[in-house]
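Novice: When you get a sec, could you give me coordinates for this:
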Amino acid sequence: MKTVLCYYSYHHGNTRKVAEAMAAAGDVTLLDVRTTPTADLSGYDCVGLASGIYGFEVHKALVDFARTNLPAGKPVFFVTTYGAAKGAGAKALAAVAAEKACPVLGEFGCKGFDTFGPFALVGGIAKGHPDAQDLADARAFYQTIAASGGRDPE
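Specialist: From the prediction side, this is the model:
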């Protein structure tokens, strides 16, 4: 299954690390939405959308990217990394997917090193994450998505 994983990763590269782990598990093209704000995603069987959690939500740039570039009816999955809690997680991405009638194949999330705001005062939280187990779990999640052939699990 040919997949594109569109990601927004900024502070410590947590989301990029998870995306790279998933890419190593199959036929996955990585697309950094910070450097590529528009892209033709129609040639892919499945689209992954990945972001760190910023202020309890995925980054607005990724939501805008999905709203602009996600083809209608294309199967999607979501990936998040977070310091303390995933907050609303991929709720905004799920809303875009629903608007475009895209089946959601699943959501993966794991902790990521976070030094934003007050966390910098204590040297950050979720130190060492994503760790080897997080990355193994990410690969396993993607392998499940790939094994589904992009079909909605329900």
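Novice: Quickly find the element holding F141.
Specialist: Per DSSP states H and E: F141 is located in helix 132-147.
Novice: how close does A146 sit to A101?
Specialist: Distance, A146 to A101, by CB to CB, to the nearest Å: 22 Å. Placement of C-beta: from N, CA and C, glycine included.
Novice: Look at these two and report which has more neighbours.
Specialist: It is A146, of A146 and A101, that has more neighbours when counted by other CB atoms under 10 Å, with 20 against 9.
Novice: which strands and helices sit next to the helix holding F141?
Specialist: Judged by 3 or more CB pairs under 8 Å, 6 or more residues apart in numbering; DSSP states H and E, helix 132-147 is in contact with strand 3-8, helix 14-23, strand 46-54, strand 104-111.
Novice: With distance to N69 added, can I get the ones you listed in a markdown table?
Specialist: Shown next, in a markdown table, are these (distance: least, CB to CB, whole Å):
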| stretch | distance to N69 |
| --- | --- |
| strand 3-8 | 8 |
| helix 14-23 | 17 |
| strand 46-54 | 9 |
| strand 104-111 | 17 |
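Novice: Just the pLDDT at the residue most central in space within the chain, thanks.
Specialist: Nearest to the geometric centre of the chain sits A50, at 1.6 Å (CA atoms, centre = their mean). With respect to pLDDT, A50 scores 97.
Novice: now swap in Y8 and tell me
Specialist: So Y8 comes in at 95 (pLDDT).
Novice: In this structure it contacts A19, no?
Specialist: No: shown here, Y8 and A19 do not form a contact pair, counting by CB atoms under 8 Å, at 10.0 Å.
Novice: Between the two, tell me which one has more neighbours.
Specialist: Legend: neighbour count by other CB under 10 Å for Y8 and A19, higher for A19 (26 against 22).
Novice: Would you quantify the distance from that one to G52?
Specialist: For A19 relative to G52 (CB to CB), the value is 11 Å.
Novice: Please identify every residue contacting each of the two.
Specialist: Residues touching both A19 and G52 by CB atoms under 8 Å, 6 or more residues apart in numbering: S9.
Novice: tally of neighbours for V96?
Specialist: Neighbours of V96 (other CB under 10 Å): 20.
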